[in-house]
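1. Sequence and predicted structure below; questions after.
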Amino acid sequence: MKILVPFKSVLDPYEAAAPGGSGATAKSVINPFDEIAIEEALRIRERGEATEIVGLTIGPAAVDEQVRAAMAMGVDRAIRVDDARSLDPYTVARILRVLVEEEGPQVVLMGKQAVDDDSNQTGQMLAGLLGWPQATFISKVEFLENKTRARCTRETDAGLEVIEVNLPAVMTADLRLNEPRYVSLPGLMKARKKPIDVRTCEQLGVKVQPLTTVISTARPPKRCAGMRVESVEQLVLKLKEEAKVL
Amino acid sequence: MSGTTLILVEHERGQLKRPSLHAINAAQRLGADFALLLLGQGLDEMTKSLLNYGASAVVIADDAALAEPLADRSAAVIAQAFKQLNATSLLGTSSTYSKDILPRAAALLDAPMLTDVLAIEEQEGVTTYRRPINAGSMLATVQLHGERRVLGIRASAFEAPATVAESSPIEKIAIDPASLPNGTRFVSREERVSDRPDLTEARVVIGGGRPLKDKETFDRLVGGLADTLGGAIGATRAAVDTGLAPNDYQIGQTGKVIAPDLYIALGISGAIQHLAGIKDSRVIVAINKDPDAPIFQMATYGLVGDLHQIVPQLITALQGA
């Protein structure tokens, strides 16, 4: 079984989103949810249920640092679509579709959302374009019946839900699927020798038209600190008389 | 913009999810008429409750094949309805139901999508959409191109719709179950019975952090205060990770975004990812023993102290009130 793991390079969320921080000094990392997806693919292979894990990403040459990090975790080889533009999820899904059709995996496993634009769309769009079943926001996956189907536990607003999908399928990882491993030194050494296949949208025949344009970004209005109260009695009084929420 | 807006109405266990009707207000900003779409099985009662919101039609896809909200089938039926109505916009919310289905429908409609839309505005004849990025630390103003669009709105950012006297016509969509995607099977759903209100709909929410220590303490203090105020329970990622609360209680960037009248944060220091989920609450109360906790910079009322002593006192004071 072959697993494809598309991943995105994002600014380190713990630095980029820090209050007052500009994010200018933040370094790039693999999107944390995609890292969870990569980890799960590795575990599936370690259980003997997958034979090859192929990484996919889109970005300029600088993104190769994250490609190497994925390879150091254990991804066998990778394809990078060389494109420095900021692409919307639908365009990304259209690019991924071409590569999925070329590679023919049984499973595409990716993060449920990227922590920079928080869209949570690409996996579902890819599944729609391919006409494949999808299992989103998964916290558990097991393969059944000689790997023709997968049983996935999904995290929904109302609690856990279990579905079965026929393979091939697209799955998106939620936070609690696993905890990704740290990269080992031998892993890093090995990663240097693994191949990165660099492609372009033109070669793949994907026309990139901007469907969304970000006109501006701004910090949201700051919520100001209110007041300190000294006792439970004062708090209850404030909630009743001032805020009128009781 | 022009064409009809199709609104995906959500329901669970035979009950409408009221926040999904807030999309009506968002649709009205788009200017054209709107239709409400309900997918499922046995929808007659719910259909009746949708007739007085001024929709050009209440569109029903009622079939055993849609009894469970499977994304592949649902998206196919939504795309079918969208085309039959000559719609140009599809609206839903930011629930896991909408997030699962809407992007797939967008791909079938060859349309771009925006998640978590907070506002729809008109700037010099161009419609723009505001949405949070980077865990809500920034707001992006975005323009969409092309004829069609899909929007997941944040329900709390839009008002509940007004009712009208005139009744909307009902349109049934003919479904051919044999032609629907058949690669997904529903197995089971965890049914947690609770008398507490839904976290995203509650007027009062009590949130608990890791200092609650164990599940018994969490249930006694967070649960006790919630029940005293008729509120819902939420939790931080750390509290969920340590097993104090189930996953679907998590509030924040990767959990739920809430906007209640009153949010009481117990033992929550205020990580940016958690603050992203609570900052639209009208009143925030923080109770924490660390006077420098970031949550105090955002709290309407802050009380420094040991929550193990304060919360029982608060429960008693509120019961007497």
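-> In hand now; what should we look at?
2. what's the first-to-last distance across stretch B:118-137?
-> 14 Å (C-alpha to C-alpha, to the nearest Å).
3. ok, and what's touching it?
-> Outside stretch B:118-137, the residues that touch it by C-beta atoms under 8 Å, 6 or more residues apart in numbering or on different chains are A:13, A:16-17, A:19, A:23, A:115-118, A:215, A:217, A:219-220, B:1, B:26, B:29-30, B:114-117, B:138-144, B:151, B:153-154, B:157, B:252-253, B:272-273, B:275-277, B:279. Quick note: C-beta positions are derived from backbone N, CA and C, even for glycine.
4. Swap in 7 Å and give it another go.
-> For stretch B:118-137, the external contacting residues (C-beta atoms under 7 Å, 6 or more residues apart in numbering or on different chains) are A:13, A:16-17, A:115-118, A:215, A:220, B:1, B:26, B:29-30, B:114-117, B:139-144, B:154, B:157, B:253, B:272-273, B:276, B:279.
5. Likewise for stretch B:308-321?
-> So stretch B:308-321 is contacted by A:232, A:233, A:236, A:246, B:221, B:224, B:225, B:228, B:229, B:266, B:287, B:303 (C-beta under 7 Å, 6+ apart).
6. is it true that the third one lies in a helix?
-> Yes: Residue A:236 forms part of a helix when assessed by DSSP: H, G, I helix; E, B strand; the rest coil.
7. Residue B:285 versus that one, what's the distance?
-> From residue A:236 over to residue B:285 the distance is 10 Å, taken as C-beta to C-beta, to the nearest Å.
8. how about the helices in the stretch 101-250 of chain B?
-> B:215-218, B:224-229, B:237-241 (DSSP state H, counting those that start in this stretch).
9. Pick the most deeply packed of those helices.
-> helix B:237-241 (a mean of 21; mean count of other C-beta atoms under 10 Å in any protein chain shown).
10. on that earlier part again, by pLDDT, rank the contacts of stretch B:308-321 and give me the bottom one.
-> In terms of pLDDT, the lowest of the contacts of stretch B:308-321 is residue A:246, showing 89.
11. Which residues of the stretch 151-300 of chain B lie near chain A?
-> Proximity of the stretch 151-300 of chain B to chain A, by C-beta under 7 Å from any C-beta of the partner chain, involves residues B:183-190, B:192, B:246-248, B:253-254, B:256, B:261-262, B:272, B:279, B:283, B:285, B:296-300.
12. Take those and keep only those in strands.
-> Using DSSP state E, the members of these that fall in strands are B:184, B:185, B:186, B:187, B:188, B:189, B:262, B:283, B:285.
13. which of those has the most neighbours?
-> Neighbour count (other C-beta atoms under 10 Å in any protein chain shown) singles out residue B:285 as the most crowded of these, with 25 neighbours.
14. pLDDT at that one, what is it?
-> So residue B:285 comes in at 98 (pLDDT).
15. Give the buried residues for stretch B:133-147.
-> Under the neighbour-count criterion of 16 or more other C-beta atoms under 10 Å in any protein chain shown, stretch B:133-147 has B:133, B:134, B:135, B:136, B:137, B:138, B:139, B:140, B:141, B:142, B:144 buried.
16. Quick check: mean pLDDT of it?
-> 92.
17. Quick one: end-to-end distance for it.
-> Per C-alpha to C-alpha, stretch B:133-147 runs 25 Å from first to last residue.
18. With stretch A:71-79 instead?
-> 11 Å.
19. distance between that stretch and the chain's centre?
-> From the chain centre to the centre of stretch A:71-79 is a distance of 16 Å (C-alpha atoms, centre = their mean, to the nearest Å).
20. repeat for stretch A:42-50
-> Taking C-alpha atoms, centre = their mean, one finds stretch A:42-50 lying 20 Å from the centre of the chain it belongs to.
21. what does that stretch rub up against?
-> So stretch A:42-50 is contacted by A:1, A:3, A:41, A:53, A:73, A:74, A:143, A:147, A:178 (C-beta under 7 Å, 6+ apart).
22. which residue sits closest to the residue nearest in space to the middle of chain B, ignoring its sequence neighbours?
-> Among the residues of chain B, the one closest to the centroid is residue B:95, at 4.3 Å (C-alpha atoms, centre = their mean). Excluding its sequence neighbours, the residue lying closest to residue B:95 (C-beta to C-beta, 6 or more residues apart in numbering or on different chains) is residue A:157, at 5.4 Å.
23. ok, how many other residues are close to residue 115?
-> All of this is about chain A. 25.
24. wait, chain B
-> The burial count for residue B:115: 25, using other C-beta under 10 Å.
25. residues of stretch B:49-67 that come out buried?
-> Here stretch B:49-67 shows B:50-63, B:65-66 as buried, counting by 16+ other C-beta under 10 Å.
26. for stretch A:185-198, that is, sorry about that
-> Applying 16+ other C-beta under 10 Å to stretch A:185-198 flags A:187, A:191, A:194, A:196 as buried.
27. tell me which of the residues you listed is nearest to residue A:64?
-> The shortest approach to residue A:64 among the buried residues of stretch A:185-198 belongs to residue A:196, at 6.3 Å (C-beta to C-beta).
28. so that closest one makes contact with residue A:66?
-> No: judged on C-beta atoms under 7 Å, residue A:196 makes no contact with residue A:66 at a distance of 11.1 Å.
29. ok so, going back, the contacts of stretch A:42-50: which two are farthest apart?
-> Going by C-beta to C-beta, the pair spanning these furthest: A:73 and A:147, at 22.5 Å.
30. Comparing those two, which shows the higher neighbour count?
-> Higher neighbour count among residue A:73 and residue A:147: residue A:73, with 24 against 14, using other C-beta under 10 Å.
31. which of the contacts of stretch A:42-50 are buried?
-> The buried subset of the contacts of stretch A:42-50 - by 16+ other C-beta under 10 Å - is A:1, A:3, A:41, A:53, A:73, A:74, A:143, A:178.
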